[in-house]
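> sequence plus predicted model, see below.
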Amino acid sequence: MSSEFGSLFLDFIKNTLGFIFPILLGSNAFFYLLFRCSKNITYIDFGWAVNHFIVGIFYYCFNESYNYIEGGIFFVFLFIWSFRLAYHLSKRICREFSDPRYEMVFAEYSINRNVLYFIQFEIQAFLGALTSCSLYFVFRNNKVSSDFGDFFQNWNYVLGILLVIIGIIGEGISDYQLETFKNTFYGSVGDKTAKKVCEEGFWRYSRHPNLFFEFCIWLGFGLAGIREAGDMLGLISPISLFVVVNFLSVPITEKHMSKSRPYWHDYVERTNKYWPFFKI
């Protein structure tokens with residue numbers, strides 16, 4: 001390990017675990033209190049959107065990225081993603097919808113349920129520190145150029161921008177399609193006794209298109225922050241997000257869906273898990 005990479009690695013760890021992780025622990029402790037007051041576990045997902053923006057604010061200000069157009073562009077992207085997702089989740093909170101998946105996961109444990117929820121909130125803080133770590137490189141490396149034309153000389157910048165834009169738009173459309181389906185099918189004109197599966201739009205081609213597009217967003221941030229080999233540490237962000245989604249979020253969601261949706265297994269057989277652009 002070269003001294004330069006070693007210095008970068010230590011600074012990355014210090015910021016991620018020494019500053020960001022404690023901040024998110026405190027943030028999620030606050031969201032846990034909101035959960036206890038409202039009994040609505042959706043606050044844990046709402047905190048996910050807010051916490052990533054908090055990380056962005058920290059790195060954006062710490063690196064004085066507001067003086068550079070590159071930093072400003074990605075800060076705007078981060079704000080749009082965070083605000084849209086937080087707004088989408090806040091509507092669930094206002095409807096007093098509490099995600100039943102967490103109750104299903106904790107049902108088999110004899111430990112006090114509130115203790116388990118608190119642990120889950122704090123684990124989410126650690127996962128948030130990992131999945132947002134690409135922002136360390138995005139805002140740290142935006143000082144390389146001050147000329148807007150130089151911005152496009154790096155292929156990873158351009159690809160990163162495209163992935164983030166595609167991800168933000170795709171995730172927004174996916175959430176809108178699912179919400180529209182639920183409002184139509186389970187609304188006043190729908191059959192509230194049946195449990196159907198959304199196969200509208202992207203959901204016809206992917207069982208989790210919103211998660212796929214979120215992966216695109218954080219892969220874009222990770223690529224945009226690369227200037228040299230050591231900056232590939234920023235790819236920990238999309239990699240850790242994929243691991244969390246593939247081995248935690250999706251299995252829990254699909255276990256719940258398999259019990260509550262009689263058509264679920266047929267949907268699984270004919271629909272991709274992530275990739276939303278063509279059938280299996």
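Cool, the structure landed.

> which helices and strands does the longest helix anywhere in the chain pack with?
Taking DSSP state H as the criterion, the chain has its longest helix at helix 155-185. Where contact means 3 or more CB pairs under 8 Å, 6 or more residues apart in numbering; DSSP states H and E, helix 155-185 is packed against helix 69-94, helix 209-224. For the C-beta atoms, the positions are set from N, CA and C on the backbone; glycine is no exception.

> buried ones in that helix?
Across helix 155-185, burial judged by 16 or more other CB atoms under 10 Å covers 157, 160-161, 163-164, 167-168, 170-172, 174-175, 177-178, 181, 185.

> that helix to helix 69-94, inter-axis angle?
Using axes from the mean of the first three to the mean of the last three CA atoms, to 10 degrees, the direction of helix 155-185 lies 20 degrees away from that of helix 69-94.

> how big is the angle separating helix 155-185 from helix 209-224?
Orientation check (the same axes, to 10 degrees): helix 155-185 against helix 209-224 gives 160 degrees.

> run the chain-centre distance for helix 155-185.
12 Å (CA atoms, centre = their mean, to the nearest Å).

> what's the average pLDDT for that helix?
Averaged over helix 155-185, pLDDT sits at 92.

> equivalent analysis for stretch 101-117, please.
Mean per-residue pLDDT for stretch 101-117: 78.

> flag every buried residue along it.
Within stretch 101-117, judged by 16+ other CB under 10 Å, the buried ones are 102, 106, 117.

> end-to-end on it?
Taking CA to CA, to the nearest Å as the measure, stretch 101-117 stretches 12 Å from start to finish.

> downstream of the helix or strand bottoming out on mean pLDDT in the chain, the next helix or strand is which one?
Every helix and strand in the chain was compared by mean pLDDT, DSSP states H and E; the lowest is helix 100-106, with a mean of 76. Per DSSP states H and E, the first helix or strand lying C-terminal to helix 100-106 is helix 113-131.

> hang on, the earlier thing: pick the one among the buried residues of helix 155-185 closest to residue 12.
Nearest to residue 12, judged by CB to CB, of the buried residues of helix 155-185 is residue 160 at 18.3 Å.

> against residue 72, how distant is that closest one?
15 Å (CB to CB, to the nearest Å).

> cool, residue 120 as well?
Distance of residue 120 to residue 72, computed by CB to CB: 35 Å.
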